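Q: I need the structure of the sequence given here:
(chains A, B and C)
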Amino acid sequence: MPELPEVEIIARSLAAQVVGRRMTALEKLDWERMVETPDLPDFRALILGREIVAVGRRAKWLLVTLDAGWTLAVHLRMSGTLIVRGPEALSDTHTHLVLALDDGRRIFFDDQRKFGRVRLLDAAGLRLLDAAHGPEPLGDTFSAEQLGRILAGRRTKLKPLLLNQAIIAGIGNIYASEALWIARLHPQIPAADAPPEQVPALHAAIRQVLEEAIANQGSSLRNYRTSYGERGHNQDHFRVYDRAGEPCERCGEPITREVIAQRSTFYCPGCQRMPVG
DNA sequence: CATTACCTGCAA
DNA sequence: TTGCAGGTAATG
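A: This is a model prediction of the structure:
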């Protein structure tokens, strides 16, 4: 479910609600493989009594900074949500982990598909997680020149390249298609064959789609909610994603859906052309 | 590079 | 009943 914008909104909405609170109980954990590390007895013992100092994001990981040097890293994968609820709220069949706070509220980790994961990391573990990911596309240092260096020499097609978290962090299946449409680049172009004059356009497009999605509180197709339980509305602004058969707003050609690298990909065959030659 | 696995629910 | 879903890791 969530890509960079959705995780960013969850991080912000969670921070606004729980920074300064202390975790007093692990009230529910009914899907134990959700906790990847450390083992469960240690996980329980280490988080109880910890204060939430900050909530941030790296790639699609939510990073809940705790006191005593620990970081609770949460990946929501396809269908996870993290919602703060009041003392009277009830868990349901999709609630797999509940953390009680010292003011009576609780953080619910609901996840229909059970792909979501939690790790409690020390400083070394956090460094490893950071090192496993490419640059943050909304970071100050991510430039068109850096993107050009990333594309140079790679035979991977643009669309799967954008989805590779080790190369660029945070882009997922929606925003990869959206960014390529804005940059007028066909998703099947081998990275090294992208016309050099279009690289700055792709750089700008990536930042534009992610920033717009954040401004729209993320895209709620199915499960995604902010930590207030609210839907985003960026799904109302897609140019190509989930719009197969509809006319391209730029050239009028019908938008195509094609499976590329095992993922649904949406693009306009009229204005996203393969380079000739 | 492609395929399969991990899970559940929903719409065609 | 089948195919599909915002993600990723493991395996040929």
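Q: and the stretch 51-200 of chain A, which residues reach DNA strand C?
A: A:59-60, A:75, A:77-78, A:113, A:115, A:163, A:165, A:172-174 (CB under 7 Å from any atom of the strand). The C-beta positions use only the backbone N, C-alpha and C, and glycine is treated the same way.
Q: Now list the buried members of those residues.
A: Among these, those classed as buried by 16 or more other CB atoms under 10 Å are A:59-60, A:75, A:163, A:172-174.
Q: circling back to that earlier point, so which of the residues of the stretch 51-200 of chain A next to DNA strand C reach DNA strand B?
A: A:113, A:115.
Q: Next, format the buried ones among the residues of the stretch 51-200 of chain A next to DNA strand C as a markdown table and append pLDDT and secondary structure.
A: A markdown table is the format used below for those (pLDDT from 0 to 100; DSSP: H, G, I helix; E, B strand; the rest coil):
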| residue | pLDDT | secondary structure |
| --- | --- | --- |
| A:Ala59 | 98 | coil |
| A:Lys60 | 98 | coil |
| A:His75 | 98 | strand |
| A:Leu163 | 98 | helix |
| A:Gly172 | 98 | coil |
| A:Asn173 | 98 | helix |
| A:Ile174 | 98 | helix |
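Q: Let me know the closest of the residues of the stretch 51-200 of chain A next to DNA strand C to A:Phe43.
A: A:His75 (15.5 Å; CB to CB).
Q: could you list every residue that touches the closest one?
A: A:His75 makes contact with A:60-62, A:116-118, according to CB atoms under 8 Å, 6 or more residues apart in numbering.
Q: what does A:Cys248 give?
A: Contacts of A:Cys248 (CB under 8 Å, 6+ apart): A:239-240, A:254-255, A:268, A:270-271.
Q: hmm, 10 Å instead?
A: Listed by CB atoms under 10 Å, 6 or more residues apart in numbering, the contact partners of A:Cys248 are A:181, A:239-240, A:254-256, A:267-272.
Q: same thing with A:Ile168?
A: Counted by CB under 10 Å, 6+ apart, A:Ile168 has contacts A:4, A:59, A:133-137, A:142, A:146-147, A:150, A:161-162, A:176, A:206.
Q: that older thread, return the closest of the contacts of A:Cys248 with respect to A:Pro41.
A: A:Val240 (48.2 Å).
Q: Low-confidence regions, chain A specifically.
A: A:277 (pLDDT under 70).
Q: Show me where it has its strands.
A: A:23-29, A:35-37, A:52-58, A:61-66, A:71-75, A:80-85, A:95-101, A:106-111, A:117-121, A:256-260, A:263-267 (DSSP state E).
Q: Dump those into TSV; add distance to A:Leu14 as well.
A: As requested, the strands of chain A are exported to TSV (distance: least, CB to CB, whole Å):
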stretch	distance to A:Leu14
strand A:23-29	13
strand A:35-37	19
strand A:52-58	5
strand A:61-66	7
strand A:71-75	9
strand A:80-85	6
strand A:95-101	11
strand A:106-111	8
strand A:117-121	14
strand A:256-260	34
strand A:263-267	28
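Q: out of those strands, which comes closest to A:Glu8?
A: Comparing the strands of chain A by CB to CB, strand A:52-58 comes nearest, at 5.4 Å.
Q: hmm, back to that, which of the buried ones among the residues of the stretch 51-200 of chain A next to DNA strand C sit farthest apart?
A: Of all pairs drawn from these, the greatest distance, 17.2 Å, lies between A:His75 and A:Ile174 (CB to CB).
Q: A:Val18: how many residues sit nearby?
A: Counted with other CB atoms under 10 Å, the neighbours of A:Val18 add up to 22.
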